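Student: pasting the sequence and the predicted coordinates here, then a few questions.
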Amino acid sequence: NNLLILPCWINLDDKYKNKKIIKIDPGAAFGTGGHPSTYLCLEKMENILLSGKKVLDIGCGSGILSVTAASLGANEIFAIDNDCLAINSTKSNYQLNFDNLDNLKIFFGAFNEVISQHKLSEFDFILCNILAEVIKDLIPNISRCLKINGQVILSGILNTQKDEIIKILNFNYLKLVDVSSKKDWVCIAAQKANNITYA
């Protein structure tokens with residue numbers, strides 16, 4: 001409702017001047033806002049309070065979710081990807097929107113290794129728009145990285161994969177908050193329970 005994804009070479013029409021503009025140079029990395037999984041993530045993000053929050057973007061791709069989180073007021077953005085093109089694209093698109101890389105910390109590598117190596121934790125929100133098969137293996141550490149009552153937004157999940165993902169979330173102390181869908185894709189929001197004891 002409030003976001004407008006704008007390719008960086010297009011000038012803004014006056015009729016959109018009240019929108020929050022996210023400029024993206026699509027390049028080679030995934031995430032232009034057009035794919036249903038990205039659209040669902042963005043839709044979810046504009047309806048939550050991100051101001052002053054600490055956010056982790058797993059599989060940052062073009063950086064569209066990191067840029068959006070910063071635009072919506074998040075003051076600490078951590079982004080991870082295991083693709084050099086994605087790392088460069090995220091930096092470039094963040095710079096394009098804010099003229100600096102302030103508040104962005106970006107890491108190259110696999111999520112499970114990066115969070116262990118850099119001791120990343122206590123996130124208010126975690127965003128993850130990748131494939132369900134990959135997401136399944138990340139959920140235990142996503143739970144560990146979240147603050148109590150912190151939320152995760154997962155997208156890139158087909159409708160047929162939804163129930164399995166929800167089961168894994170529940171098993172890892174993440175209770176379902178919301179499911180939204182577009183075409184064959186779903187986006188799942190879940191919250192970390194406040195009565196956890198890790199083994």
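Tutor: Received it, and whenever you're ready, just let me know what you need.
Student: now do the helices in this protein.
Tutor: Per DSSP state H, the chain carries helices over the ranges 36-45, 64-71, 84-98, 111-118, 132-145, 162-171.
Student: the second one versus helix 36-45: what angle between them?
Tutor: Using axes from the mean of the first three to the mean of the last three CA atoms, to 10 degrees, the inter-axis angle of helix 64-71 relative to helix 36-45 is 10 degrees.
Student: output the contacting helices and strands for helix 64-71.
Tutor: If you count contacts as 3 or more CB pairs under 8 Å, 6 or more residues apart in numbering; DSSP states H and E, helix 64-71 packs onto strand 20-24, helix 36-45, strand 54-58, strand 76-81, helix 84-98, strand 123-129. The way it works is simple: take the backbone N, C-alpha and C, and place the C-beta from them, glycine included.
Student: just checking: what are the partner strands of the worst-scoring helix or strand of the chain on mean pLDDT?
Tutor: Least confident helix or strand, the chain: strand 3-7 with a mean of 80, by mean pLDDT, DSSP states H and E. Take DSSP bridges as the rule and strand 3-7 pairs in its sheet with strand 20-24 (parallel).
Student: buried ones in the partner strand, by neighbour count?
Tutor: Neighbour-count burial for strand 20-24, counted by 16 or more other CB atoms under 10 Å, picks out 22-24.
Student: what about dumping the CA coordinates of it to PDB?
Tutor: Provided in PDB are the C-alpha atoms of strand 20-24 (Å, rounded to 0.1, in the frame of the first residue of the first chain):
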ATOM      1  CA  LYS A  20       7.900   5.300   0.200                       C
ATOM      2  CA  ILE A  21      10.300   4.800  -2.600                       C
ATOM      3  CA  ILE A  22      12.700   1.800  -2.800                       C
ATOM      4  CA  LYS A  23      15.100   2.200  -5.700                       C
ATOM      5  CA  ILE A  24      16.500  -1.000  -7.000                       C
END
